[in-house]
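A.B. asks: I would like the atomic coordinates for the input below:
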Amino acid sequence: MSEVKRVVSIGAHSLDAELMGGPLLLKYAKEGAHCTCIHVTQGRLEDPNATKEEWEAYLEELLNQNERAAKALGADTIWLGYVSSNMPTLDEFAARLEKYFEEEKVDLVITHWRGSMHPRHINTHDAVTKAVKRLREKGSHIRLMYGETFEDLVGFIPQAYFELDDEEVKQWFSALNEYTVFRGGVNDFPYQKYYPTNLQVRMIESNSKKATVCYMYASLIENRLW
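C.D. replies: Got it, this is the predicted structure:
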């Protein structure tokens, strides 16, 4: 893992980057890599009837949650400045990401698999994949992996498994719990039950001895065996 020096996890909404990439970010951060959670939008909780003051207060608190979660993973964080209603075109989005990856000398990108229930997850997948593919065509060795969330499971095939020791599990969930939505304060999805249970499911299916997470390779980009 020490060969990877620059890692980013890109999520369409707050919490997505930490759910998908958190386990790898904390592992690479311990090896000395510079790790970043990138949030495309902050619009998950947009309310068309909210006042300007309510929106600003919500945004300030969500950005604070972004910061605290990233710090818990040993990472930093960036919001790209979009909300759900003003997502860029695919070409604009991909070009922005390509420039960022190139300038930052990114080694590894983690993002959404395309089989999602959310259009913004699909948009993010498409833009990230296009940006990485362009860089690979220019000779870059940047790698891409798709992380697992309950919202992106259509056609998701686990291909790479990583064990987490007890302290790493604790660190990951400490980061996730910085988010009100993960603690059950926004909707009734059982985040607190689903993700710990999934660690055990992946442990069993991979014949591991510790809590386990999984990832999917970007098979349309990889053109040689590693």
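A.B. asks: who are the packing partners of the helix or strand harbouring Leu199?
C.D. replies: Element membership for Leu199 (DSSP states H and E) is helix 191-205. For helix 191-205, the packing partners by 3 or more CB pairs under 8 Å, 6 or more residues apart in numbering; DSSP states H and E come out as strand 160-164, helix 166-176, strand 211-217. Where you see a C-beta, it was placed from the backbone N, CA and C, and this is true even at glycine.
A.B. asks: any weak-confidence spans in this structure?
C.D. replies: 1-2, 43-48, 223-226 (pLDDT under 70).
A.B. asks: quick one: the strands in it?
C.D. replies: 6-11, 34-41, 76-82, 108-112, 143-147, 160-164, 211-217 (DSSP state E).
A.B. asks: out of the ones you listed, deepest packed?
C.D. replies: Counting by mean count of other CB atoms under 10 Å, strand 108-112 has the highest mean neighbour count of the strands of the chain, with a mean of 27.
A.B. asks: can you tell me the strand partners of it and which way each runs?
C.D. replies: strand 6-11 (parallel), strand 143-147 (parallel) (DSSP bridges).
A.B. asks: quick one, it and strand 34-41 angle?
C.D. replies: Our comparison of strand 108-112 with strand 34-41, counting by axes from the mean of the first three to the mean of the last three CA atoms, to 10 degrees, yields an angle of 30 degrees.
A.B. asks: now the angle between strand 211-217 and strand 108-112, please.
C.D. replies: When the same axes, to 10 degrees is applied, the directions of strand 108-112 and strand 211-217 differ by 90 degrees.
A.B. asks: gap between strand 108-112 and the chain center?
C.D. replies: Here strand 108-112 is found 6 Å from its chain centre; the criterion is CA atoms, centre = their mean, to the nearest Å.
A.B. asks: same deal with stretch 147-163?
C.D. replies: Using CA atoms, centre = their mean, the offset of stretch 147-163 from its chain centre is 12 Å.
A.B. asks: disregarding residues adjacent in the polypeptide, which is nearest to Ala70?
C.D. replies: Thr77 (3.9 Å; CB to CB, 6 or more residues apart in numbering).
A.B. asks: how near is the one you found to Thr129?
C.D. replies: 22 Å (CB to CB, to the nearest Å).
A.B. asks: same deal with Pro190?
C.D. replies: From Pro190 across to Thr129, the span is 30 Å (CB to CB).
A.B. asks: more neighbours: which of these two?
C.D. replies: A direct count of neighbours by other CB atoms under 10 Å for Pro190 and Thr129 places Thr129 higher, at 21 against 11.
A.B. asks: residues near Pro158, how many?
C.D. replies: Going by other CB under 10 Å, the residues that sit close to Pro158 add up to 15.
A.B. asks: which ones are touching it?
C.D. replies: 148, 202, 205-206, 214-216 (CB atoms under 8 Å, 6 or more residues apart in numbering).
A.B. asks: nearest to Glu104, out of the residues you listed: which one, please.
C.D. replies: Tyr215 (20.8 Å; CB to CB).
A.B. asks: now for that closest one: which residues touch it?
C.D. replies: By CB under 8 Å, 6+ apart, the neighbours of Tyr215 are 24, 110, 145-148, 158-162.
A.B. asks: now do the longest helix along the chain against strand 6-11, angle only.
C.D. replies: Taking DSSP state H as the criterion, the chain has its longest helix at helix 52-73. Orientation of helix 52-73 against strand 6-11 (the same axes, to 10 degrees) gives an angle of 140 degrees.
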